[in-house]
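>>> No sequence on hand, only this structure:
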DNA sequence: TTGTAAGCGTTATCAA
DNA sequence: TTGATAACGCTTACAA
């Protein structure tokens, strides 16, 4: 592989000049520039990025950490992130964090060793040990997308909707439709628990405000996946009494729930209403189309990236949350409850 | 930030010894090792990864390139990739390639400059200019997951199912059920065209073998997304005559099709049968559950990663395809056609 | 078993 | 405007 030396030799200049040609072309005379350009072309030289990273102490890479790829919702966020990144010369890389110890270390190592200039953490519980996650530095700047990971970190920079309020409004929608027996399905067992906790709170807020009774058997913990939604739904159907409405902490669970409810011979929304959260692409074509809470995903991505870049450049506060508005999307899966026989 | 020098000074040894302690601990005496360990603990030292990458000429990072994250099918592949990577010390990073010029350059730059030790390209059309994509080197080893990108590259290392045969079998299933009027929906316009081409071929193979006539108006090009499936379906419904069965080049299109067909008042599979391709997680809970072709995604991921590592280590041929078996998954969306009135 | 020192390819400083 | 050279932090001959 050719190095800057080869180019310099061929062009009959010093390596400093080649470097200048590349990084500060205005500092080199036209005639010299042409020689260097020719030599670069002849040698097929391209700078060793590893050496540059080392020398510059940065990689021009931004990492977006997601619990797992393949979650349709994240694609929307990425769209916003990319749009901002496009002009900046930063590469966007995605890393799956999951919740396993291995990935845990994996992630810490990658991040703490500055192989990346900044991080956007999307709805994933701290993939490194919490003590690491402070503003003291030692790691590149981090933005929390979607939600604060834990109360202690509430002043960490964050871009998100008001999950608690959104969940409350979704629940209130059901209540206004006339439901009084409402179940909630969430994902405490998973790494995303920090994310669903405010949603759970919002659900309780609405119940309390309406004076509705909270029923433990209609409060089901599961995984935030289709599978998790299915399992949780079967558990719900096994309860002594059946609610007239079901609020799922995310759309994937809701998709699983829809399926199991229909399997059990129930009609939606006639026999039971279902509401999800996130508004991922599949929700619109669900059967029936899913009523849900839409997060302005692209905007979250955009603003997360912008804020991260600003922090990297040292001209933005590295704390505090940007809260952006959510939106209730009414489709067909929620309706007034059937009259009691 | 502390460097190896600080540790050496504190431990009263040379930097070489510290380095050895870290990389070849068996070469340092126990007593020295303890001193070094202590100094490392005291300084909170961790090696500068950028310097290591530079010095070693590698990053211990593997990049998986996908057209876009958020495609549920890829999560399964990643699972296999990760399982293999877990033991190796390699970091798995994901990059979205899309088909835009910008990402194009972006990707080339990242890849060609060895910021990554190896690449797994998943069902994405060459994200760099084709000339680059040869075995001549200059770039890290590449594995094509899922499909060859173009005929010229057919001897590039590849791990995939026999897409053409699978598509033929799926079509034959419809024919055996009694269908003679079969539409096909695929994605030539997208960056994934190389992927769906063999599926298209397989479809034609089955038609030809059964002596069925190919009808241009039932052969619809679209995007391989839900949206694309919906648009294509509306186009199909506008045709003069309606087929009794529809084969979609991937499950996402099929999900969109299912929705539009139901919107149009058709019942599936009574009025029209639908078959997809990929068997992503959502397909099982579609309404009706989608009959489709399952790719052994985890295995594809596993074998891609294994093969890549073998190539990196220099003990595997960097050409040829591993073809692994696919499987037809019969669910509810395909059935015999209704009797002609 | 340990230390000395060269060298990886850049960029940046300083002098010419 | 250009060139010589130091420096970044690490690994690894080679010598002791």
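In hand now; what should we look at? All values derive from a computational prediction rather than experimental measurement. Residues are numbered from 1 along each chain as shown, chains lettered A, B, ... in the order given.
>>> shaky segments in the stretch 151-300 of chain A?
A:151-155, A:189-195 (pLDDT under 70).
>>> Which residue is it, in it, that comes closest to DNA strand D?
residue A:157 (27.0 Å; C-beta to the nearest atom of the strand). Placement of C-beta: from N, CA and C, glycine included.
>>> list the contacts for that residue?
Neighbouring residues of residue A:157 by C-beta atoms under 8 Å, 6 or more residues apart in numbering or on different chains: A:141-144, A:307-308, A:311, A:316-321.
>>> Separate out the buried members of the residues you listed.
A:141-144, A:307-308, A:311, A:316, A:318, A:321 (16 or more other C-beta atoms under 10 Å in any protein chain shown).
>>> my guess is residue A:251 meets residue A:291, correct?
No. Residue A:251 is not in contact with residue A:291 according to C-beta atoms under 8 Å; the separation is 10.4 Å.
>>> neighbouring contacts of the longest helix seen in chain A?
Criterion DSSP state H: the longest helix present in chain A is helix A:193-210. For helix A:193-210, the external contacting residues (C-beta under 8 Å, 6+ apart) are A:123, A:125, A:146-150, A:163-172, A:175, A:182, A:184, A:186-188, A:213-214, A:224, A:247, A:249-250, A:277.
>>> And the residues you listed, which of them are buried?
A:123, A:125, A:146-149, A:163-172, A:175, A:182, A:184, A:186-188, A:224, A:247, A:249-250, A:277.
>>> So among the buried ones among the contacts of residue A:157, where is pLDDT lowest?
Across the buried ones among the contacts of residue A:157, the smallest pLDDT goes to residue A:318, namely 70.
>>> Next up, the contacts around residue A:54.
Counted by C-beta under 8 Å, 6+ apart, residue A:54 has contacts B:48, B:50-51, B:53-54.
>>> Ignoring the adjacent residues along the chain, who's closest to it?
residue B:54 (3.9 Å; C-beta to C-beta, 6 or more residues apart in numbering or on different chains).
>>> distance of residue A:227 from residue A:263?
Residue A:227 is 14 Å from residue A:263, where distance means C-beta to C-beta, to the nearest Å.
>>> hey, where'd the strands end up in chain A?
Along chain A, the stretches classed as strands by DSSP state E are A:61-66, A:91-96, A:118-122, A:142-145, A:158-160, A:182-186, A:219-221, A:245-248, A:273-275, A:292-294, A:321-323, A:327-329.
>>> Quick check on residue A:67: phi, psi?
Per-residue torsions, residue A:67: phi -60, psi -40 (degrees, to the nearest 10).
>>> ok, now how distant is residue A:170 from residue A:215?
Taking C-beta to C-beta, one finds residue A:170 at 18 Å from residue A:215.
>>> For the spatially most central residue of chain A, list each beta-bridge partner.
Nearest to the mean C-alpha position of chain A, by C-alpha atoms, centre = their mean, lies residue A:122 at 3.0 Å. Applying DSSP bridges to residue A:122 gives these bridge partners: residue A:145.
>>> Would you mind naming what in chain A lies close to DNA strand D?
A:12-17, A:20, A:27-29, A:31-32, A:54-55 (C-beta under 7 Å from any atom of the strand).
>>> which of those residues are close to DNA strand C?
Applying C-beta under 7 Å from any atom of the strand to these, those adjacent to DNA strand C are A:15-16, A:54-55.
>>> Present these as a markdown table; the columns should include pLDDT.
Output for those, formatted as a markdown table (pLDDT from 0 to 100):
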| residue | pLDDT |
| --- | --- |
| A:15 | 96 |
| A:16 | 96 |
| A:54 | 96 |
| A:55 | 96 |
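>>> buried subset of those residues?
residue A:54.
>>> how about the ones next to DNA strand C among the residues of chain A next to DNA strand D, which pair is most distant?
Using C-beta to C-beta, the pair of those lying farthest apart is A:16 and A:54, separated by 18.1 Å.
>>> quick revisit: joint contacts of residue A:251 and residue A:291?
residue A:276.
>>> how deep is the residue of chain A found nearest DNA strand C tucked in, by neighbour count?
Closest to DNA strand C within chain A is residue A:4: 2.9 Å, counting by C-beta to the nearest atom of the strand. Around residue A:4 there are 20 other residues, counting by other C-beta atoms under 10 Å in any protein chain shown.
>>> Do I have it right that residue A:20 meets residue A:26?
No. Counting by C-beta under 8 Å, residue A:20 stays clear of residue A:26, with 9.2 Å between them.
>>> who's more crowded, the two?
Taking other C-beta under 10 Å, residue A:20 and residue A:26 do not tie; residue A:20 has more neighbours (18 against 6).
>>> re earlier: among the strands of chain A, which comes closest to residue B:286?
Counting by C-beta to C-beta, residue B:286 lies closest to strand A:273-275 out of the strands of chain A; the figure is 15.9 Å.
>>> other SSEs contacting that closest one?
helix A:163-177, strand A:245-248, helix A:251-263 (3 or more C-beta pairs under 8 Å, 6 or more residues apart in numbering or on different chains; DSSP states H and E).
>>> Name the stretch from these that approaches chain B most closely.
With C-beta to the nearest C-beta as the measure, helix A:251-263 is the member of those nearest chain B (3.7 Å).
>>> What residues does the residue nearest to the centre of chain A make contact with?
Residue A:122 neighbours (C-beta under 8 Å, 6+ apart): A:64-67, A:74, A:77, A:145-146.
>>> 7 Å - rerun?
Neighbouring residues of residue A:122 by C-beta atoms under 7 Å, 6 or more residues apart in numbering or on different chains: A:64-66, A:74, A:77, A:145-146.
>>> Of these, which is the nearest to DNA strand D?
For the contacts of residue A:122, the nearest to DNA strand D is residue A:65 (24.3 Å; C-beta to the nearest atom of the strand).
>>> Does that closest one touch residue A:98 like I think?
No. With contacts counted by C-beta atoms under 7 Å, residue A:65 stays clear of residue A:98, the gap being 10.3 Å.
>>> the more surrounded of these two?
Neighbour totals were compared for residue A:65 and residue A:98, and residue A:65 leads with 24 against 20 (other C-beta under 10 Å).
>>> Serialize the ones next to DNA strand C among the residues of chain A next to DNA strand D to TSV and add fields for distance to residue B:273.
TSV is the format used below for those (distance: C-beta to C-beta, whole Å):
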residue	distance to residue B:273
A:15	68
A:16	70
A:54	59
A:55	61
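>>> For the residues of chain A next to DNA strand D, work out which two are farthest apart.
A:31 and A:54 (32.1 Å).
>>> just so I know, which of the strands of chain A lies nearest residue A:40?
strand A:91-96 (22.4 Å).
>>> Residues contacting that closest one, please?
Counting by C-beta under 7 Å, 6+ apart, A:60-66, A:68-69, A:81-82, A:85, A:103, A:107, B:69, B:78, B:93-95, B:106, B:110 sit against strand A:91-96.
>>> now stretch A:246-261
A:170-171, A:174, A:182-187, A:196, A:199, A:203, A:222, A:224-230, A:232-234, A:268, A:272-280, A:282-283, A:286, A:290, A:292, B:282, B:285.
>>> try stretch A:218-234
Under C-beta under 7 Å, 6+ apart, the answer for stretch A:218-234 is A:183-190, A:192, A:235-236, A:239, A:243, A:248-250, A:252-257, A:259-261, B:281-282, B:285.
>>> Buried subset of the residues you listed, written for PyMOL?
This is the PyMOL syntax for the buried subset of those, where burial follows 16+ other C-beta under 10 Å:
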select buried, (chain A and resi 183+184+185+186+187+188+190+192+236+243+248+249+250+252+253+254+255+256+257+259+260+261) or (chain B and resi 281+282+285)
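>>> which parts of chain A sit against DNA strand C?
A:1, A:3-5, A:15-16, A:19, A:22-23, A:45, A:47-48, A:51-52, A:54-56.
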